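Got a predicted structure plus its sequence, pasted below:
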Amino acid sequence: IMLKPNPLPREIAPGVFWLGDCLEQEYQGRPYHSYNAAFLLCGSEASMLVETGHPKDFPEIERQMLELLDRNLPPIKYLFITHQETPHSGGLGRVFQNWPDITVHGDIADYHLAFPQHADRLVPMEVGDEIDLGGRKFVAIEPVIRDLRTSLWGFDTGANCLFPGDGFAYSHYHLDGHCGLLAEEATSLDLKDVLAVFAERALFWTTTTDMNIYVDKLEALMEDLGVEVVAPTHGLPITNLAVTMPKVRDGLIADGDPEMTLGEPPVPAEGNAG
């Protein structure tokens, strides 16, 4: 199967750039992909990297960062990581090595044990703490759907963009041309199904609790913040909440289907193979 060049980086909102590359798997004879994304958030005075991506992706993510900085974007001064799991923090060592002026923010917990020589660059954040990037602020907010105890979410006041880590996690189909698309552009993606499956396999606790409680809390948080864009680490960004959030709700409260019985795969439109 011929793969198209990586469609990222992509600006999904003013000053919010989506970085990363697909994690490729095969399912039922079809290329099945997911993202371990990072994002570059640019203010007028400084930029922030959100997440580091999976270790396999960091060389590509760093290449994309340098490509964007060549556009005269503000220097990257900060890194925020939602939690310590490898797909989110696996590039941290190389950030420390290659970007000596960046400070690392979030629930920094045990990072100093892995990188004691960089302990002075670790800055703890708690819910409500802010970082001013110039013209916009990055705010640490409560993680409604946690992967680890140390999970922390972020919110950008410039584009009203939510960075929910694992909160909106799902995969997509390569042959349907979903790679690099927004959730609303991936019209053949069964969002309810892929959300339910990802939750069952990666966030198993969601299968043993009433997820209506969590989804209600998530929707209330998003309304309070005035969220307009969602930038998930695993999944396609969401820019039309009215269209996509009902599907997200259905997926988060649905029972996962480990077999993902899809029947015959759809034939992609000509020129739309990912």
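Good, I have the coordinates.

just the helices in this protein please.
Here the chain has its helices, by DSSP state H, at 58-69, 86-89, 92-98, 111-114, 191-202, 211-225, 241-253.

Can you add distance to residue 154, mean pLDDT and mean neighbour count and give these back as JSON lines?
Bear in mind the C-beta positions are built from the backbone N, C-alpha and C, glycine included. Below are these laid out as JSON lines (distance: least, C-beta to C-beta, whole Å; pLDDT from 0 to 100; neighbours: other C-beta atoms under 10 Å):
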{"stretch": "helix 58-69", "distance to residue 154": "17", "mean pLDDT": "95", "mean neighbour count": "18"}
{"stretch": "helix 86-89", "distance to residue 154": "12", "mean pLDDT": "84", "mean neighbour count": "22"}
{"stretch": "helix 92-98", "distance to residue 154": "16", "mean pLDDT": "95", "mean neighbour count": "17"}
{"stretch": "helix 111-114", "distance to residue 154": "17", "mean pLDDT": "94", "mean neighbour count": "14"}
{"stretch": "helix 191-202", "distance to residue 154": "20", "mean pLDDT": "62", "mean neighbour count": "20"}
{"stretch": "helix 211-225", "distance to residue 154": "11", "mean pLDDT": "88", "mean neighbour count": "15"}
{"stretch": "helix 241-253", "distance to residue 154": "17", "mean pLDDT": "81", "mean neighbour count": "18"}
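
Distance of the residue most central in space within the chain relative to residue 130?
The centroid of the chain falls nearest to residue 233 when counting by C-alpha atoms, centre = their mean (1.6 Å). From residue 233 across to residue 130, the span is 21 Å (C-beta to C-beta, to the nearest Å).

sorry, back to before: just to check, the residue nearest to the centre of the chain is in contact with residue 89?
No - in this structure, residue 233 is not within contact of residue 89 by C-beta atoms under 8 Å, at 10.7 Å.

joint contacts of the two?
Shared contacts of residue 233 and residue 89, defined by C-beta atoms under 8 Å, 6 or more residues apart in numbering, are found at residue 51.

what's the burial count for residue 187?
10 (other C-beta atoms under 10 Å).

ok, it to residue 117 distance?
Applying C-beta to C-beta, the value for residue 187 to residue 117 is 49 Å.

Residue 211 too?
Note on residue 211: its distance to residue 117, by C-beta to C-beta, is 42 Å.

what separates the residue nearest to residue 225 when sequence neighbours are not counted from residue 249, distance-wise?
Nearest-residue entry for residue 225: residue 155, 5.6 Å, with adjacent residues in sequence omitted and distances by C-beta to C-beta, 6 or more residues apart in numbering. Residue 155 is 20 Å from residue 249, where distance means C-beta to C-beta.

Tell me the buried residues in stretch 17-34?
For stretch 17-34, the neighbour count (16 or more other C-beta atoms under 10 Å) marks 17-23, 30-34 as buried.

can you tell me which residues contact residue 128?
By C-beta under 8 Å, 6+ apart, residue 128 lies in contact with 139-141.

what residues are up against the residue nearest to residue 225?
When contacts are counted by C-beta under 8 Å, 6+ apart, residue 155 touches 138-139, 141, 161-163, 225, 227.

Quick check: bridge partners of it?
Taking DSSP bridges as the rule, residue 155 bridges to residue 139, residue 162.

on that earlier part again, closest one to residue 168 out of the contacts of residue 128, please.
Ranked by distance to residue 168 (C-beta to C-beta), those are led by residue 141 at 14.4 Å.

Helix or strand with the lowest mean pLDDT in this protein?
Taking mean pLDDT, DSSP states H and E as the measure, the chain has helix 191-202 as its least confident helix or strand, at a mean of 62.

Any regions of the stretch 101-250 of the chain where pLDDT drops low?
Confidence mapping of the stretch 101-250 of the chain against pLDDT under 70 gives the ranges 169-170, 172, 175-176, 191-208.
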